[in-house]
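Engineer: any chance you can model this:
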Amino acid sequence: MPGLTEEVVTDALKDVIDPELGYNIVDLGLIYGVTIQNDQVDVVMTMTTPGCPASNYIQEGTQHRLLAIDGVKDAHVTVVWSPAWEPAMMSDDAKQYFGFA
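Structural biologist: Okay, the predicted model is just below:
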């Protein structure tokens, strides 16, 4: 898809909010990779902790938001635990918001 880029996908995923932290999953550093092949998008992501009680909610929200992007016909979300998430993975804005900057 000519208009379907990693930037378009990443911007769309900023709509997905971690309900416990109240901040978007992109700036939290939870998105590890985006792959686009034709009209399919694959996202590799993590959670802040392996026992995150909101993991299903976040994963389903990510899937739902991907499928809402114009031109996306299929989407897959894979949750990985390596590398383990740490606060250093957050964007500068998120670090400042949470007092890490």
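
Engineer: make it CA atoms for all contacts and neighbour counts henceforth
Structural biologist: Will do.

Engineer: check contacts around the spatially most central residue of the chain.
Structural biologist: Centroid-nearest residue in the chain: Ile31, 4.1 Å away (criterion: Cα atoms, centre = their mean). The contact partners of Ile31, by Cα atoms under 8 Å, 6 or more residues apart in numbering, come to 25, 43-46.

Engineer: bridged to it, which residues?
Structural biologist: When bridges are called by DSSP bridges, Ile31 pairs up with Met45.

Engineer: with just CA atoms, put the lengthiest helix in the chain into PDB.
Structural biologist: Across the chain, the longest stretch assigned as helix under DSSP state H is helix 55-67. Only the C-alpha atoms of helix 55-67 are listed here, as PDB (Å, rounded to 0.1, in the frame of the first residue of the first chain):
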ATOM      1  CA  SER A  55      -1.900  -7.200  28.700                       C
ATOM      2  CA  ASN A  56      -5.000  -8.700  27.000                       C
ATOM      3  CA  TYR A  57      -6.700  -5.300  26.900                       C
ATOM      4  CA  ILE A  58      -3.600  -3.600  25.300                       C
ATOM      5  CA  GLN A  59      -3.000  -6.400  22.800                       C
ATOM      6  CA  GLU A  60      -6.600  -6.400  21.700                       C
ATOM      7  CA  GLY A  61      -6.600  -2.600  21.500                       C
ATOM      8  CA  THR A  62      -3.500  -2.700  19.400                       C
ATOM      9  CA  GLN A  63      -5.000  -5.300  17.000                       C
ATOM     10  CA  HIS A  64      -8.300  -3.300  16.800                       C
ATOM     11  CA  ARG A  65      -6.400   0.000  16.000                       C
ATOM     12  CA  LEU A  66      -4.300  -1.700  13.400                       C
ATOM     13  CA  LEU A  67      -7.300  -3.000  11.600                       C
END
